[in-house]
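[1] Please find the sequence and the predicted model below.
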Amino acid sequence: MTPGTLLDSKVLHRIDFRRGDNLVENQWKDFDMRLLLHDDNLGPRSPGDSAEMDSEMLALAYAYPPLSAEQSWVRANFISTLDGAATGDDGHSGSINTGADREVFQLLRALSDVVLVGAGTARVEGYKRATVKNRWSALRKGRPAHPTTAVVSRSGGVPAGLSKARQDSGEVLMLTCHRAGAEAIDLARGALGRGHVIVAGEDTVDLMAAVDALAMRGLQRVLCEGGPHLMGDLTAVGRLDELCLTIAPILVGGQHPRITAGASAAVGLVPRLLIESQGSILGRWTAPD
Ligand SMILES: NC(=O)c1ccc[n+]([C@@H]2O[C@H](COP(=O)([O-])OP(=O)(O)OC[C@H]3O[C@@H](n4cnc5c(N)ncnc54)[C@H](OP(=O)(O)O)[C@@H]3O)[C@@H](O)[C@H]2O)c1
């Protein structure tokens, strides 16, 4: 089968994306990506093929699976150092990431319907309403130009950067629980709009119900960008379908969070994709079939 046939028939479901769409025009940066392992979808390329992965190949490699009208797919995206740190010494993930990781971060946003983020990460990392870079905008055909951001908070406080309007960006939803209290919920409704606050759960956000509520709004391709506590909770309730992880080729020592925090939860995952780029390993792991 030729790559063109694959693209037309099977890939990037419900996204009108074909070869020739000039996905990234001249903005694609050459990260010298080398495919180490893949399970399917990538056409005639074989594992260990050291030829450059182009932007279309990368979009195929990270495509969401086909989903029926009721289904959701929850993918998380993280970066970690070789010694397991999720942040550098400054307490931010930006100090450990790499060029290829930043590109995949942007691609995953373009592929998603909704970016799910814990309020802690939104505060520390200064989250703003999500936007999709021009170079990946062809992946948004038939959908809003930018994904929604859904912030998860027990306290119901809207992180400052997300309450601010931003031209040409996605909308914001607050996913909170009754423990936040009527006053905080009213404040969130005032900041984001009445229909933009979803109350799911009593003492903490019921992540199963929250993901279902997103799907009812057509937000089925979920991209969780962390942080570790939200990731730990998603894992513990069994609502994580996929982990996209970049392993940055550095050691940082010290005391740092890992990509999960909170209660113990053991989940076995299978590698579906491994890419090497300038020393970083980027991959996808999913639950066994
Ligand atoms: N390496 C990476 O890829 C990566 C990715 C993301 C973040 N990080 C780093 O991780 C650090 C933040 O860690 P964190 O664990 O505090 O992040 P987090 O999980 O985003 O934030 C925790 C906060 O999010 C809310 N929350 C999370 N899960 C919830 C649930 N199930 N129900 C209700 N509320 C929930 C609560 O907000 P309220 O306090 O508002 O109630 C909670 O205090 C930062 O240093 C950031 O840079 C690294």
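    Thanks, I have the structure now.
[2] quick one, what contacts the closest residue in space to Gly99 that isn't next to it in sequence?
    Nearest residue to Gly99, sequence neighbours excluded (Cβ to Cβ, 6 or more residues apart in numbering): Phe31, at 5.8 Å. Where you see a C-beta, it was placed from the backbone N, CA and C, and this is true even at glycine. Shown in contact with Phe31 (Cβ atoms under 8 Å, 6 or more residues apart in numbering): Gly99, Ala100, Glu103, Ser277, Gln278.
[3] Just the pLDDT for His256.
    With respect to pLDDT, His256 scores 97.
[4] hang on, the earlier thing: check the spacing between the residue nearest to Gly99 and Ser277 real quick.
    For Phe31, the distance to Ser277 (Cβ to Cβ, to the nearest Å) stands at 5 Å.
[5] Quickly list what's touching both of those two.
    Gly99, Ala100.
[6] in what helix or strand does Leu187 lie?
    Here Leu187, judged by DSSP states H and E, is contained in helix 182-192.
[7] Could you list every helix and strand that that helix packs against?
    Other elements packing on helix 182-192 under the criterion 3 or more Cβ pairs under 8 Å, 6 or more residues apart in numbering; DSSP states H and E are strand 172-176, strand 197-199.
[8] out of those, nearest to Val211?
    With Cβ to Cβ, the closest approach to Val211 among these belongs to strand 172-176: 9.2 Å.
[9] quick one: the residue nearest to Gly99 and Ile79, what's the gap?
    Separation of Phe31 from Ile79 (Cβ to Cβ) stands at 15 Å.
[10] And for Met174?
    In terms of Cβ to Cβ, Met174 sits 26 Å off from Ile79.
[11] near the ligand, which residues of the chain show up?
    Residues of the chain lying close to the ligand (Cβ under 6 Å from any ligand atom) are 78-79, 86-87, 91-93, 118-121, 124-125, 152-155, 157, 204-205, 207, 225-230, 233, 257, 261.
[12] my guess is Leu162 contacts Lys128, does it?
    Yes: using Cβ atoms under 8 Å, Leu162 is in contact with Lys128, at 7.0 Å.
[13] Now, the contacts of Phe31 that are in helices?
    Gly99, Ala100, Glu103 (DSSP state H).
[14] out of the residues you listed, who has the most neighbours?
    Ala100 (24 neighbours; other Cβ atoms under 10 Å).
[15] Tell me who's in contact with the closest residue to that residue other than its chain neighbours.
    What sits nearest to Ala100 in space, not counting adjacent residues and going by Cβ to Cβ, 6+ apart, is Ser277, at 3.7 Å. Ser277 makes contact with Phe31, Asp32, Met33, Arg34, Thr98, Gly99, Ala100 under the criterion Cβ under 8 Å, 6+ apart.
[16] and the least confident of those residues?
    Of all the contacts of Ser277, Phe31 has the smallest pLDDT value, namely 75.
[17] Quickly note the distance from it to Ile96.
    17 Å.
[18] again, but for Asp83
    The gap separating Asp83 from Ile96 is 11 Å, by Cβ to Cβ.
[19] which residues touch Glu242?
    Contacts of Glu242 (Cβ under 8 Å, 6+ apart): Trp73, Val74, Arg75, Ala76, Arg284, Trp285, Thr286, Ala287.
[20] Tell me the buried residues within these.
    Among those, those classed as buried by 16 or more other Cβ atoms under 10 Å are Trp73, Val74, Arg75, Ala76, Arg284, Trp285, Thr286.
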